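> Sequence and predicted model, in that order:
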Amino acid sequence: MISPRRRATARQATRLAPPEWLLSGLRPKAAPIPWGAVVRAALALATPLAVGLALGRPTYGALAAMGALYGVISDTADAYRLRLLHIAIPQLFGALGLTLGSLVFGQGWIAVATLTLVALVSGMISSIGAVASVAGLLLLINSVVGAGLPLPGPWWLAPLLFACGGLCVLLLALLGWPFRGRVAERTAVADAYRACADLLESAGRADTDYDALRQAVTGALNQAYDLVLARRARDHGRRGPLVRLLAQLSVLIPLVEAAPAAQLRSRPLPDEIPAAVRELAQAIEESRLGGTELDLPAPATPSERAVDAALRHAARVVHKADPDPYNVDDRLGRPAALGVRIRRAGRDMLFSESSWRYGLRLALCIGLAQILVSMIAVPRSYWVALTVTFVLKPDFGSVFSRGVLRALGTAAGLVTAAAVLSQVPRGWWDVPVLLMLAGCIPAVSAKSYAFQTAAITPVILLLSDVLNHQGFALVLPRLVDSLIGCAIALIAGYLLWPESWHSRIGDRLADAVDDTADYLTYAFGPTTGRTEEETAADQAERVRRRRVIYRDLSVVRTEFQRALTEPPPTGTRAAAWWPLVVALERIVDATTAARVRVNHGAPPPGAAEIADAERQLRELAARVRSSVVLVDVREEWSAADDEGVLAPLRREVRAAQAITSQRG
């Protein structure tokens, strides 16, 4: 029996323990060390500094190494073509920012106004996509550096050196392209097959987390389609290797759709089925052709027939040397031409409320930071605005958590920086030290934002010391400026913008419920009297709608996960809505399973039953959209609850309604 004193001690320890939202950011994630990226980062940063020292121009080498540092941070893509974009485009914007900043260096209020305007543009273009977000980040960072730090040589020299450092990273990153040009795409498609195999293996088993594995399949499919279709956007021909990859990915969709039907069997599939899918994944990764006929148990139920037919069709396509180039469905997401996408992105940016909101938030914070350092003497004042820029990136994670984690990571990084600046002689000793410190950046970046900040801080201070020769005196101002920047971002960029986050998530969920209702009516729409081409087009459209719903739900999940790292009340409200996201994914699964079962022999639902299900979904969407907190939306079904192919769907909708009733 636990004594009252021990209970009191345990309660006191619980109260004194750090909150979970903070621990979740500090807790390192399980991620392998990317040794190739470690070597590239070490060489890319140390080589320019060594060349600068050899030529008697260490400041030039430090500027090039600074450009290489941002190139290392930008190198986050897998496919070589995407890595080219992820590194090169941000470097161009970074060079432009450095030019703009250097032109207004020492101009007082002109510099304040210029940086505020650049912050507005940077924030707005960050809403376009991942590459644009990093490009906007470097545009603003280098504008701040150029406006706050005297740069050597004529105005064009520093941007040129910066771009050369980024070019060094790009060349190192692309060395393997001639030998491993399509490895990333093949690996992504193979990983999607392996994720599907895990899902099929878990279907019908009570001791597995089917929902988590389904989310893993969605993530793997998103990754594979993004990589393969990014190549197709540039390659408008129908060459074999790309068509083959897309065909292999497309035939996986029916197998993924059959998984929910298999899950409803409440009986595991034969082991031969996931094993066969894993063998297909291996064949894709090794580019093997001509596989043998699959030896699978005879199917007995509609769900088993769906899995069997989808798997055999996938095996035929995977082992086929030259798939039909005109039987590959690009409607699953092939990007438009580059010019069309640029026009769409520009239009969406200019007319997007969220784009303007974020741009104005960033401009306000940068303007306040520049006004503050203009009125108060702050050593190395540009660090304040740099901290604001890094923290105020909502697309990189929770602003509040990033502010706290950046302060903690900077403090930890300054311990290493203090040891380096106080003990390492300036000169050639900086090269091996930078070699080791630079390699730590990609090694720990995937662990946590705090770990990444702790790794980047000593590198930046070492390069800053090469530029201004202040040594250990840089440490304390860096800490003070970082704390000031975090405070500005948290107060002016977070607390003063009390957006109705809860309602925004409710709108996203309600939109997903409405899309599910549309998907339901389309999936069970009339099929008689259609030609073969019309039937194929309907199938492709149904698949596209389902993929859009799951991709949107994955975005909603990401927003929730970010919100869960926020302090109360945002984090606790997000936790209250979380079960509804899971329930909605199960509703989509149940709809897909019903369609698959009908395709393979189950009796189709009647028109009244479909209309009844659609009505329930529309009512659920309307109530979710109008709710600040979840409310009771339970209704009675007019159809028999335990009969028909839509019975699992009705159960899932009732579960979603029960969740809402418990949160009122």
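Yes, it's here.
> So in the chain, which helix runs the longest?
When the chain is parsed with DSSP state H, its longest helix is helix 532-564.
> what's the helix or strand that comes right after it packed up against?
Counting by DSSP states H and E, the next helix or strand C-terminal to helix 532-564 is helix 570-599. In this structure, helix 570-599 makes packing contacts with helix 210-234, helix 252-263, helix 302-318, helix 501-523, helix 532-564, helix 647-662, judged by 3 or more CB pairs under 8 Å, 6 or more residues apart in numbering; DSSP states H and E. C-betas here are computed from N, CA, C, even on glycine.
> go with 6 Å
helix 252-263, helix 501-523, helix 532-564, helix 647-662 (3 or more CB pairs under 6 Å, 6 or more residues apart in numbering; DSSP states H and E).
> pLDDT weak spots in the stretch 351-500 of the chain?
378-380, 393-398, 498-500 (pLDDT under 70).
> could you redo the last one with a cut-off of 50?
500 (pLDDT under 50).
> Could you do the stretch 101-250 of the chain as well?
Within the stretch 101-250 of the chain, the ranges that satisfy pLDDT under 50 run 232-239.
> and the longest helix of the chain, what does it pack onto?
Using 3+ CB pairs under 6 Å, 6+ apart, the elements in contact with helix 532-564 are helix 501-523, helix 570-599.
> switch to 7 Å and redo it
Counting contacts by 3 or more CB pairs under 7 Å, 6 or more residues apart in numbering; DSSP states H and E, helix 532-564 is packed against helix 210-234, helix 501-523, helix 570-599.
> Can I get the helices and strands packed on helix 570-599 in JSON lines including mean neighbour count?
Output for the helices and strands packed on helix 570-599, formatted as JSON lines (neighbours: other CB atoms under 10 Å):
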{"stretch": "helix 252-263", "mean neighbour count": "25"}
{"stretch": "helix 501-523", "mean neighbour count": "19"}
{"stretch": "helix 532-564", "mean neighbour count": "16"}
{"stretch": "helix 647-662", "mean neighbour count": "19"}
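> Now do the same contact list for Gly644.
For Gly644, the contact set (CB atoms under 7 Å, 6 or more residues apart in numbering) comprises 605, 609.
> what do you get if the cut-off is 6 Å, keeping everything else the same?
Pro605 (CB atoms under 6 Å, 6 or more residues apart in numbering).
> May I have the predicted confidence score for the closest residue to Lys320 other than its chain neighbours?
Computed as CB to CB, 6 or more residues apart in numbering, the closest residue to Lys320 that is not its neighbour in sequence is Leu289, at 7.4 Å. pLDDT recorded at Leu289 is 75.
> Mind pulling up the pLDDT for the most centrally placed residue in the chain?
The centre of the chain sits closest to Thr558, judged by CA atoms, centre = their mean, with a distance of 7.8 Å. Thr558 is assigned 74 on the pLDDT scale.
> on that earlier part again, what distance separates the longest helix of the chain from the centre of its chain?
Averaging C-alpha positions (CA atoms, centre = their mean, to the nearest Å) puts helix 532-564 16 Å from its chain's average.
> before we move on, back to that, let's have the helices and strands packed on helix 570-599 in TSV, adding distance to Val121.
Formatted as TSV, these follow (distance: least, CB to CB, whole Å):
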stretch	distance to Val121
helix 252-263	40
helix 501-523	24
helix 532-564	24
helix 647-662	42
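> Among those helices, which comes closest to Gly101?
Among the helices and strands packed on helix 570-599, helix 532-564 comes nearest to Gly101, with 30.6 Å by CB to CB.
> how far off helix 252-263 does the closest one point, in degrees?
Relative orientation of helix 532-564 versus helix 252-263 (axes from the mean of the first three to the mean of the last three CA atoms, to 10 degrees): 70 degrees.
> For His469, the count of nearby residues, please.
The number of residues packed near His469 is 12, by other CB atoms under 10 Å.
> Name the nearest residue to it, sequence neighbours excluded.
The nearest residue in space to His469 (CB to CB, 6+ apart) is Arg426, at 7.2 Å.
> Next, give phi and psi for the one you found.
phi -70, psi 140 (degrees, to the nearest 10).
> now do Pro28
phi -70, psi 140.
> and it, how many neighbours does it have?
The burial count for Pro28: 11, using other CB under 10 Å.
> Ala446 is in contact with that one, correct?
No - with contact defined as CB atoms under 6 Å, Pro28 does not reach Ala446; the gap is 9.0 Å.
> Mind checking the helices and strands packed on helix 570-599 for the one nearest to Val39?
In terms of CB to CB, the element of the helices and strands packed on helix 570-599 nearest to Val39 is helix 532-564, at 30.8 Å.
> Since that was my last question, I'll sign off now.
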